[in-house]
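>>> need coordinates for the below:
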Amino acid sequence: MTHVKQIVTGDIQENCYLIYNQQGVIIVDPGNDSEKIQALIKEINLVPAAILLTHTHYDHIGAVEELRKFYSIPVYVSPLEQEWLGNPQHNLSGLDRHNNIANVIVSPAEYEFAFKKYSLAGIDFSVVPTPGHSIGSVSFIFNSFVLTGDALF
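Model prediction:
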């Protein structure tokens, strides 16, 4: 059985999700507050397998580097937004209107999504493009739910 835990992170209250079963955890959109995310992972007592990104705006990627290094796990991203991870102008952290936010710079993702079915830690899901909020936005379709990032507010 697949479980979902929502974690509200950061000043603008972005939703991060832990998708897990008995085999492991997938972290989706770790926007900020890596300690909070790690505490919940410790509570459910499972090992993360990967970080999935619905898109690469700063509020969805702020904790990627800390979690990636702490758990030694790969990151998956849309090929259309791979370069946005390391570019504050593209991930919006470097815009003048966000002058109270530090520039977010994330190393390139290990994997770029193909629009197909995946299985990580025994959790099956499909990746589908859902552009609109950003050019490379994707949604993840699991057996009984869908994670859309900011494609739906």
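
>>> tell me where this structure has helices.
Secondary structure of the chain (DSSP state H): helices located at 34-44, 58-61, 64-71.

>>> quick one, strands of the chain?
Under the criterion DSSP state E, the chain contains strands at 3-9, 14-20, 25-28, 48-52, 75-77, 111-112, 117-120, 123-129, 138-141, 146-147.

>>> if you compare those, which one is most tucked away?
strand 25-28 (a mean of 26; mean count of other Cβ atoms under 10 Å). Quick note: C-beta positions are derived from backbone N, CA and C, even for glycine.

>>> which other residues reach that one?
16-20, 37, 41, 44, 46-54, 67, 73, 120-121, 123, 140, 147 (Cβ atoms under 8 Å, 6 or more residues apart in numbering).

>>> okay if I get the strands of the chain as JSON lines plus mean pLDDT and distance to Glu83?
As requested, the strands of the chain are exported to JSON lines (pLDDT from 0 to 100; distance: least, Cβ to Cβ, whole Å):
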{"stretch": "strand 3-9", "mean pLDDT": "96", "distance to Glu83": "24"}
{"stretch": "strand 14-20", "mean pLDDT": "97", "distance to Glu83": "21"}
{"stretch": "strand 25-28", "mean pLDDT": "98", "distance to Glu83": "21"}
{"stretch": "strand 48-52", "mean pLDDT": "98", "distance to Glu83": "17"}
{"stretch": "strand 75-77", "mean pLDDT": "98", "distance to Glu83": "10"}
{"stretch": "strand 111-112", "mean pLDDT": "98", "distance to Glu83": "11"}
{"stretch": "strand 117-120", "mean pLDDT": "97", "distance to Glu83": "22"}
{"stretch": "strand 123-129", "mean pLDDT": "97", "distance to Glu83": "17"}
{"stretch": "strand 138-141", "mean pLDDT": "97", "distance to Glu83": "16"}
{"stretch": "strand 146-147", "mean pLDDT": "97", "distance to Glu83": "23"}
